[in-house]
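Visitor: this is the structure alone, sequence omitted:
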């Protein structure tokens, strides 16, 4: 099964910014909504943001609304997560995945990548 490939994670300080990138499968990327998710140690994986196939509609978790921005470039088969004003509680492994709808529940997302670690120090 096709997997997404995440990159861009790292160690930053509170208040810093970071942009995550996710490379999707070419030729079919535009057919899928894309989502970013995160999982902190000892916690369940949670939805962070998602974007429709065209990029015209987005969803954000309340915890990141106003700080994170999801975008996509269908020509490059890429989806991005711009993260500003990072907080220690944003520390997690971040994953991207695809689904038929950007409003799909997390269980309907597929083709998960290996994830990229984001660590925010206080």
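Guide: Cool, the structure landed. Quantities reported herein were computed from a predicted structural model and do not represent experimental measurements.
Visitor: and the strands in this structure?
Guide: Ranges of strands in the chain, per DSSP state E, are 5-7, 10-13, 18-23, 33-39, 46-51, 58-60, 68-73, 78-83, 92-99, 116-121.
Visitor: quick one: contacts for the residue nearest in space to the middle of the chain?
Guide: In the chain, the centroid-proximal residue (CA atoms, centre = their mean) is residue 36; its distance is 2.2 Å. Applying CB atoms under 8 Å, 6 or more residues apart in numbering to residue 36 gives the contacts 20, 22, 47, 48, 49, 50, 70, 79, 81, 94, 95, 96. In short, each C-beta sits where N, CA and C put it, glycine included.
Visitor: the same query, at a cut-off of 10 Å, please.
Guide: By CB atoms under 10 Å, 6 or more residues apart in numbering, residue 36 lies in contact with 6, 20, 22, 47-51, 60-61, 64, 68, 70, 79-81, 83, 94-97.
Visitor: re earlier: out of the strands of the chain, nearest to residue 110?
Guide: Closest of the strands of the chain to residue 110 is strand 92-99, at 6.2 Å (criterion: CB to CB).
Visitor: that closest one vs strand 78-83, what angle?
Guide: Strand 92-99 and strand 78-83 meet at an angle of 140 degrees, taking axes from the mean of the first three to the mean of the last three CA atoms, to 10 degrees as the criterion.
Visitor: what mean pLDDT does strand 92-99 have?
Guide: For strand 92-99, mean pLDDT rounds to 97.
Visitor: that one packs against which elements?
Guide: On a contact count with 3 or more CB pairs under 10 Å, 6 or more residues apart in numbering; DSSP states H and E, strand 92-99 meets strand 5-7, strand 18-23, strand 33-39, strand 46-51, strand 78-83, strand 116-121.
Visitor: and the second one, how far from the chain's centre?
Guide: Counting by CA atoms, centre = their mean, to the nearest Å, strand 18-23 is centred 8 Å from the centre of its parent chain.
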